[in-house]
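K.L.:
I'd like to go over a predicted model; first the sequence, then the structure.
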Amino acid sequence: MTKIRTQLEALCLLKDGDLPLDRMALLIAAEHQPKTTLNIDTYLGQLDQLSNELLERYDAPSSTHLVRFVHEDLRFIGNSQHYHLVDNSYLNRVLDLRRGIPITLALVYLAIAERIGLSAEGVNFPGHFLIRFNAEPELLIDPFSGRQLSRSDCAVLLQQHQGTRAQLLDQHLAAASRRGLLMRLIENIKQNFWRDRDWPAAEQCLNQQRLLEPNQPILELQLGNLKELRSELDAARLIYAQLIQQSKDSDIGKMAAQRLLAMAAAKNQVH
């Protein structure tokens, strides 16, 4: 077991409110970059330095000051030209290049906000992660563009992702848990590897998610799918059989049973 995995395992045992988002995002990224010399403390020190720079400019920086500082002065912005590049999901690369996707850019805002004492939280908005600052007045920000969003802006954004009939609900603007943010971050990385058919890397993502949220049947089903794709058929059958036992009356259990039947049919065809 690597030192990085040992640290991740220990941190995943913490309560949600105690999870250090920046450190865990860097550890998650480090596991996917084994050939890169990624010093976690160096990047955390960069976030400390940026926070100190903001505090030197303003005695009591507001959320508006922070957004202007990150977006306009530091030039952190969405990587619209290469949106699906996996580097956009690695916090170390986002800090290096000052380009990313909404969720990793949100991590930069949240990390600095925490250091300077501003109340902020992630918003698990469909298709586009947002940030909310909880001061008066409340401020909702799109970290990809640095733009302040009204509720009507959010309604338009939702329709862009879910179609013109989508209706904005309060639940779309609910705060993301720290664990939920990290799960979504890993999901983005996993989707990159899945598209590229890089099954070992996708499985590593699944294992990271299973550390964060153990005993989730949907993750076990995905793991069975990956074992199939990697031609580890005995392992896949074992996972599906366990899912059927644990969740036989659920949709997940039924899907596991369907996979077992499909595997049996494929084996009979071969022989």
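P.N.:
Happy to help now that I have it. The structure displayed is predicted, hence computed values, not measured ones.

K.L.:
now the strands for the stretch 1-150 of the chain?
P.N.:
Using DSSP state E, counting those that start in this stretch, the strands of the stretch 1-150 of the chain run over 77-78, 99-100, 120-123, 130-133, 139-142, 147-148.

K.L.:
the second one pairs with which strands, and in what direction?
P.N.:
In other words, strand 99-100. strand 77-78 (parallel) (DSSP bridges).

K.L.:
what's the partner strand in contact with?
P.N.:
Contact partners of strand 77-78, identified using Cβ atoms under 8 Å, 6 or more residues apart in numbering, comprise 71, 98-102, 105, 143-146. C-beta coordinates here come from the backbone N, C-alpha and C atoms, glycine included.

K.L.:
filter those residues down to the buried ones and hand me the ChimeraX line.
P.N.:
In ChimeraX, a selection of the buried entries from these looks like this (16 or more other Cβ atoms under 10 Å):
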select :71,99,100,101,102,105,143,144,146
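
K.L.:
residue 181: which of the contacts of strand 77-78 is nearest?
P.N.:
Each of those was checked against residue 181 using Cβ to Cβ; the closest is residue 102, at 11.1 Å.

K.L.:
skipping adjacent residues, who's closest to that closest one in space?
P.N.:
residue 129 (4.1 Å; Cβ to Cβ, 6 or more residues apart in numbering).

K.L.:
domain ranges for this structure?
P.N.:
3-173, 215-270 (automatic domain parsing).

K.L.:
now do the contacts for residue 255.
P.N.:
Taking Cβ under 8 Å, 6+ apart as the contact definition, residue 255 lies against residue 221.

K.L.:
low-confidence stretches in the protein?
P.N.:
Applying pLDDT under 70 to the chain picks out residues 1, 268-271.

K.L.:
do a quick rundown of the helices in it.
P.N.:
Counting by DSSP state H, residue ranges of the helices within the chain are 3-12, 21-31, 40-57, 63-68, 91-97, 102-116, 151-162, 178-195, 199-212, 217-229, 233-247, 251-270.

K.L.:
residue nearest the centroid of this protein?
P.N.:
residue 185 (1.0 Å; Cα atoms, centre = their mean).

K.L.:
so it versus residue 123, what's the distance?
P.N.:
Counting by Cβ to Cβ, to the nearest Å, the gap from residue 185 to residue 123 is 14 Å.

K.L.:
ditto for residue 31
P.N.:
Distance from residue 31 to residue 123, counting by Cβ to Cβ: 26 Å.

K.L.:
please apply the same query to residue 13.
P.N.:
Distance of residue 13 to residue 123, computed by Cβ to Cβ: 26 Å.

K.L.:
those two: which is more packed in?
P.N.:
The neighbour comparison of residue 13 against residue 123 (other Cβ atoms under 10 Å) goes to residue 123, with 21 against 9.

K.L.:
nearest spatial neighbour of that one, skipping sequence neighbours?
P.N.:
Counting by Cβ to Cβ, 6+ apart, the residue nearest residue 123 is residue 130, at 4.0 Å.

K.L.:
surely the one you found meets residue 140?
P.N.:
Yes. With contact defined as Cβ atoms under 8 Å, residue 130 counts as touching residue 140 (6.1 Å).

K.L.:
ok, back up a step: what's near enough to touch the residue nearest to residue 123?
P.N.:
Neighbour list for residue 130: 102, 106, 122-123, 140-143, 149, 154, 173 [criterion: Cβ under 8 Å, 6+ apart].
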